[in-house]
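Asks: Just a sequence and a predicted model for now, questions to come.
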Amino acid sequence: MVGLATARAIARSGRAVLVLERHRIGHDRASSHGASRIFRLSYPEPEWVSLAQQALPLWLALEAEAGERLLNLTGSIDLGAIEPQRHALAACGAAFDILDAAEVELRWPLVVPAGGQVLFQPDGGWIRADAALRALHASATAAGAEVLEGTPAEEVTSDAGGVRVAGLRARAAVVAAGAWTPSLVELDARPTVETVTFFSLEDSVELPAVLDQTTSAQTGFEAYALPSPGDGLKVGFHASGPSADVDACGRPDAAVVEWATAWATSRLAAASRLLRAETCLYTGLPGERFALERRGRVIVGSACSGHGFKFAPLVGDRLAALAAEAIA
Ligand SMILES: Cc1cc2nc3c(=O)[nH]c(=O)nc-3n(C[C@H](O)[C@H](O)[C@H](O)COP(=O)(O)OP(=O)(O)OC[C@H]3O[C@@H](n4cnc5c(N)ncnc54)[C@H](O)[C@@H]3O)c2cc1C
């Protein structure tokens, strides 16, 4: 995802760019596969709200270019401690409503704790992730980027004149290898294998993205849920997975499947039938931050920490700007 977004931005600036992907674009062994990801402005920190605000028009531009729906802006809902989000959104001039349980239940088939407050942010929702990946790929190649699939970069070396990657010489390299980034460059990252579950839900149910901190007391982790075309509803528990062996096929964690089933049963009766569970890799950095750094002619782009998809076009622009700086 990040590599394609960066290649697209570099190609659009008129420079030659080559993407090396060791599997095929869209494969399911890394971080960017699947039908949907949450898009939200609602973060506890104004910095992230502001970045999401900057990413939104970039997604809309990609959507216009692709000629198909990539974003479903059905809104986002926060349950639990909502004060930090409320302050951060207000500081950035973003709209939001505070709803009580009865108001929520009137609008969506969602059960929220009695007496609890809910923050609804209308610009959030969810991204059609597989369509977004295809759109970035198509846009990058249309702009002139070359994408070589089935081509691993075993190492990245640099000297004063340029970089060497997979036997090729270039003026700069962007390492955006997701959970494999630490195997190519030094990075204080912890890849984890995360479990995601899918429940049946009628297509006609228009749901916002849900972030539910109230689950933390029992499970230790925040639950999230969002529509997932083809299945219905996707439910996960943020950063709940163990350290990953990135080259092994991860197996879903039975405890997370149990928590997710209990969550769906209690919050969304319409989605209580478990269809399947799968895994996906997080590349966690301390403080859930991203690494967007230039080290001479090598640029490191690790924008995951479990929440990077929504920023992809913005991150791509920033990494492309660092690459331009490297060769200036
Ligand atoms: C379960 C789950 C839920 C998530 N939910 C959300 C969400 O709701 N909202 C949100 O904004 N974000 C979310 N994220 C985070 C988001 O999906 C990631 O931030 C994003 O997909 C990271 O993309 P990436 O390009 O950095 O990594 P990847 O998609 O992993 O891409 C890295 C690519 O590099 C390739 N590669 C690795 N090593 C080499 C090499 N040596 N040579 C050539 N190619 C190589 C890999 O094959 C891979 O295709 C979620 C992530 C997961 C796992």
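Replies: That came in fine, so what should we check first?

Asks: Now whichever residue of the stretch 101-250 of the chain sits closest to the ligand, what are its backbone angles?
Replies: In the stretch 101-250 of the chain, no residue comes nearer to the ligand than residue 178, which is 2.4 Å away by CB to the nearest ligand atom. No exception for glycine: its C-beta is placed from N, CA and C like everyone else's. Residue 178 adopts backbone torsions of phi 60, psi -130, taken as degrees, to the nearest 10.

Asks: Can you report how many residues lie near it?
Replies: 23 (other CB atoms under 10 Å).

Asks: Then residue 192?
Replies: So residue 192, with other CB under 10 Å, has 21 neighbours.

Asks: do the same with residue 171
Replies: Residue 171 has 13 nearby residues by other CB under 10 Å.

Asks: For the spatially closest residue to it that is not a sequence neighbour, the count of nearby residues, please.
Replies: Of all residues not flanking residue 171 in the chain, residue 327 sits nearest, at 4.4 Å (CB to CB, 6 or more residues apart in numbering). Residue 327 is flanked by 11 other residues according to other CB under 10 Å.

Asks: mind listing the helices for the stretch 201-328 of the chain?
Replies: Counting by DSSP state H, counting those that start in this stretch, one finds helices in the stretch 201-328 of the chain at the ranges 216-219, 254-267, 312-327.

Asks: what residues does this structure put near the ligand?
Replies: 1-3, 20-23, 30-32, 37-38, 152-153, 176-180, 184, 194, 196, 236, 280-282, 303-304, 306-310 (CB under 6 Å from any ligand atom).

Asks: repeat that with 5 Å
Replies: Contacts of the chain with the ligand, taken as CB under 5 Å from any ligand atom, map to 1-2, 20-23, 30-32, 37-38, 152-153, 177-178, 180, 194, 196, 280, 304, 307-310.

Asks: returning to that earlier point: of the helices of the stretch 201-328 of the chain, flag the one that's most buried.
Replies: Mean neighbours per residue, mean count of other CB atoms under 10 Å, is largest over the helices of the stretch 201-328 of the chain for helix 312-327, with a mean of 21.

Asks: which residues does the residue nearest to residue 171 contact?
Replies: 171-172, 297 (CB atoms under 8 Å, 6 or more residues apart in numbering).

Asks: out of those residues, who's nearest residue 135?
Replies: Comparing those against residue 135 with CB to CB places residue 172 closest, at 25.2 Å.

Asks: related to what we said a few turns ago, verify the stated contact: the residue of the stretch 101-250 of the chain closest to the ligand with residue 30.
Replies: Yes. Using CB atoms under 8 Å, residue 178 makes contact with residue 30 at a distance of 4.9 Å.

Asks: Overlap of the contact sets of those two?
Replies: By CB under 8 Å, 6+ apart, residue 178 and residue 30 have these common neighbours: residue 281.

Asks: ok, back up a step: closest one of the contacts of residue 327 to residue 257?
Replies: Distances from residue 257 to the contacts of residue 327, taken by CB to CB, are shortest for residue 172, at 43.3 Å.

Asks: Right, I'll leave it there.
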